[in-house]
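*Asks:* Pasting the sequence and the predicted coordinates here, then a few questions.
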Amino acid sequence: MDSEALETFLAVYRQGGVSAAASALSRTQSAISRRLAVLEREVGAPLFERIGRGLVLSELGAALLPYAERVAAAIGDARSIVAEASAGAVQMATVGTLANATLTNALQRAKARHPTLDVRLQTATSAEVSAKVRSGEVTVGLRYFEDTSPDLDCRVVQQEHLVVVCAAAHRFAGKRLKSLAQLAHERWLAFPVQERRGEAFAASVFAQFLTRGIDLIDWVAIDGLTAQKRLVEAGFGLALLQASAVEEELAHGSLALVRVDDLSVSIPVARLVRRGGHLSAGAQVLLRELGRPSNIRHTRAQTRRP
């Protein structure tokens, strides 16, 4: 059992299938299938079971997973040490919607304090961010909600406030309503609710209506923050989005807020590293800047009262 075999096993697990794993590793599907078959012969049992069109871990695969992640993490540590010695590079993964002005400010401060810092940034879902940190593929992660895994050092660094946004010409633009229930008959745009690969906060809009006794709303799944904002701007519905993500549109007047008295929703943002993993000087500086209280921001548009 070698590191390449474990890398193949992890790729199939994380990507959800052989085809996606082949694409992620820049190999052919047949090569991935052969390598996985060799590993399964070596351990003496299948590592995956096919359910429908997808693959899920077998009992043996689930038992092997944490050990494969630790091997991958150790290799990642070795690469980090080499990278630190040569260029000060820090691999980081973040949820795409968190790549906003707050993160930009933290990166700028970290760069000012550590001029040789070279951050290599990639985006993923919260679950994928945790997996990348746990395996050592990246050193620093930024995700929604805490991950309680014992392998991770995870700390909440800010709260993202959610606000109702609409087109500037919408009849409720700039208005203040007593209850979210008054918007139950509006069309809503929301992130798809996907098991394991989706974001936990994607169901926030549904949860808010459920707590008000409303179990059915008109909604359309839109997989992307920018796409949601553009459709809202064009008048195709309302959305419950992060206040920090719509500051620019609110300032330009292409989006407007609908203030709702009985709506107060925020979701925690956590930074994470692997417990006991190697942290370069640049990574330590970055972590300190991500954890500064000044990173917690409230938009003027959110707090302004008519």
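*Replies:* Perfect, thanks for sending it.

*Asks:* what's residue 266 in contact with, if anything?
*Replies:* 159, 160, 161, 162 (CB atoms under 8 Å, 6 or more residues apart in numbering). Bear in mind the C-beta positions are built from the backbone N, C-alpha and C, glycine included.

*Asks:* helix, strand or coil for it?
*Replies:* Judged by DSSP: H, G, I helix; E, B strand; the rest coil, the three-state class of residue 266 is strand.

*Asks:* Check residue 239 too.
*Replies:* strand.

*Asks:* Does it touch residue 191 like I think?
*Replies:* No: if you go by CB atoms under 8 Å, residue 239 and residue 191 don't touch, sitting 9.3 Å apart.

*Asks:* can you list residues touching both of the two?
*Replies:* Counting by CB under 8 Å, 6+ apart, the residues touching both residue 239 and residue 191 are residue 228.

*Asks:* Looking at these two, which is more packed in?
*Replies:* A direct count of neighbours by other CB atoms under 10 Å for residue 239 and residue 191 places residue 239 higher, at 25 against 22.

*Asks:* With adjacent residues omitted, what lies nearest to that one?
*Replies:* Nearest non-adjacent residue to residue 239, counting by CB to CB, 6 or more residues apart in numbering: residue 189, 4.6 Å away.

*Asks:* cool, residue 233 as well?
*Replies:* residue 254 (4.9 Å).

*Asks:* For that neighbour, grab the count of nearby residues.
*Replies:* Residues near residue 254, counting by other CB under 10 Å: 17.

*Asks:* For it, grab phi and psi.
*Replies:* Backbone torsions for residue 254, taken as degrees, to the nearest 10, come to phi -80, psi -20.

*Asks:* wouldn't it be in contact with residue 170 here?
*Replies:* No: using CB under 8 Å as the test, residue 254 is too far from residue 170 to be in contact (11.7 Å).

*Asks:* hang on, the earlier thing: just the buried ones among the contacts of residue 266, please.
*Replies:* Buried residues within those, defined by neighbour count using 16 or more other CB atoms under 10 Å: 160, 161, 162.

*Asks:* Show me these that map onto strands.
*Replies:* Within the buried ones among the contacts of residue 266, residues falling in strands by DSSP state E are 160, 161, 162.

*Asks:* For the first one, list the residues it contacts.
*Replies:* What it means is residue 160. 98, 144, 242, 243, 244, 266, 267, 268, 269.

*Asks:* Tell me how many other residues crowd the residue nearest to it when sequence neighbours are not counted.
*Replies:* Once flanking residues are discounted, residue 160 sits nearest to residue 242: 4.7 Å by CB to CB, 6+ apart. The burial count assigned to residue 242 is 22, neighbours taken as other CB under 10 Å.

*Asks:* and residue 242, backbone torsions?
*Replies:* phi -70, psi 130.

*Asks:* Let's see if you can find the most crowded of the contacts of residue 160.
*Replies:* Top of these by neighbour count (other CB under 10 Å): residue 269, with 27 neighbours.

*Asks:* Verify the stated contact: that one with residue 97.
*Replies:* No: with contacts defined as CB under 8 Å, residue 269 does not count as touching residue 97, sitting 10.0 Å away.

*Asks:* Flag whichever of the contacts of residue 160 scores worst on pLDDT.
*Replies:* Of all those, residue 244 has the smallest pLDDT value, namely 85.

*Asks:* What is the three-state secondary structure of it?
*Replies:* Per three-state DSSP, residue 244 ends up helix.

*Asks:* From residue 2, how far out is it?
*Replies:* 44 Å (CB to CB, to the nearest Å).

*Asks:* buried residues in stretch 180-194?
*Replies:* Neighbour count says stretch 180-194 has 180, 183, 186, 187, 188, 189, 190, 191 buried, by 16+ other CB under 10 Å.

*Asks:* Tell me which stretches of this structure form helices.
*Replies:* With DSSP state H as the criterion, the chain has helices at 3-15, 18-25, 29-43, 59-86, 101-113, 126-135, 204-210, 225-233, 247-252, 281-290, 300-303.

*Asks:* So which of the ones you listed has the densest surroundings on average?
*Replies:* Burial of the helices of the chain is given as mean neighbour count (mean count of other CB atoms under 10 Å); helix 126-135 ranks first at a mean of 24.

*Asks:* which secondary structure elements does that helix contact?
*Replies:* Contacts defined by 3 or more CB pairs under 8 Å, 6 or more residues apart in numbering; DSSP states H and E place helix 126-135 against helix 3-15, helix 59-86, strand 89-94, strand 140-144, strand 152-167, strand 265-274.

*Asks:* Neighbours of residue 174, how many?
*Replies:* Neighbours around residue 174, by other CB under 10 Å: 12.
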